[in-house]
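**Q** Any chance you can model this:
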Amino acid sequence: MDADLHAVADALVELAEAELHALTHAANEFILCAAGFITWLEHAADWELNRRAGLNFPLKPPHAAIAPEEHSMSVEVATILRDRFTQTPREDRDAVVGLFDAVLGALVVGRARSSGPAVIGGQN
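**A** Presented below is the predicted three-dimensional model:
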């Protein structure tokens with residue numbers, strides 16, 4: 001796993017299963033404007049759910065699903081989702097905000113290293 005994904009993986013561990021499902025649901029609101037990012041976010045949540053169930057496969061970096069032309073919108077959507085969760089009164093809010101901080105870090109660092117998107121779930 002890439003070093004910049006360790007923060008994402010560590011943040012995913014902090015979320016309860018219900019929060020992982022809520023994360024996927026919240027992300028789906030933005031499917032039309034940042035499809036690659038949403039595909040990757042679902043991949044990350046599924047990765048953690050499967051890891052907890054004992055199924056291990058690699059956590060792919062964000063640029064594996066995000067086309068270069070979607071990168072700026074992906075950062076914007078991640079920021080919107082992060083800000084939305086900071087406003088919730090839930091006690092687990094800090095874990096979700098921590099996840100989005102790690103995701104934003106992976107988006108910035110990963111894009112700097114990437115020459116183009118790979119494929120996750122059929123997305124280019």
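
**Q** So V75 sits against G105, correct?
**A** No. Look at V75 against G105 with CB atoms under 8 Å: they stay out of range, at 10.8 Å. C-beta here means a position set from N, CA and C on the backbone, and glycine is covered the same way.

**Q** So which residues make contact with the helix or strand hosting M73?
**A** Secondary structure assigned from DSSP states H and E places M73 in helix 71-86. Helix 71-86 has contacts (CB atoms under 8 Å, 6 or more residues apart in numbering) with 26-27, 30, 33-34, 36-38, 62-63, 66, 93, 96-97, 100-101, 103-104, 107-108, 111.

**Q** Need the CA coordinates for it. CSV is fine.
**A** Output in CSV follows, covering the C-alpha atoms of helix 71-86 (Å, rounded to 0.1, in the frame of the first residue of the first chain):
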residue,chain,number,x,y,z
HIS,A,71,-9.3,15.9,-10.0
SER,A,72,-10.2,19.5,-9.0
MET,A,73,-13.9,18.6,-8.7
SER,A,74,-12.9,15.6,-6.6
VAL,A,75,-11.0,17.8,-4.1
GLU,A,76,-14.0,20.1,-4.0
VAL,A,77,-16.5,17.3,-3.4
ALA,A,78,-14.2,15.8,-0.7
THR,A,79,-14.0,19.2,1.0
ILE,A,80,-17.8,19.7,0.8
LEU,A,81,-18.4,16.2,2.4
ARG,A,82,-15.8,16.9,5.1
ASP,A,83,-17.4,20.2,5.9
ARG,A,84,-20.9,18.6,6.0
PHE,A,85,-19.7,16.1,8.5
THR,A,86,-18.1,18.7,10.7
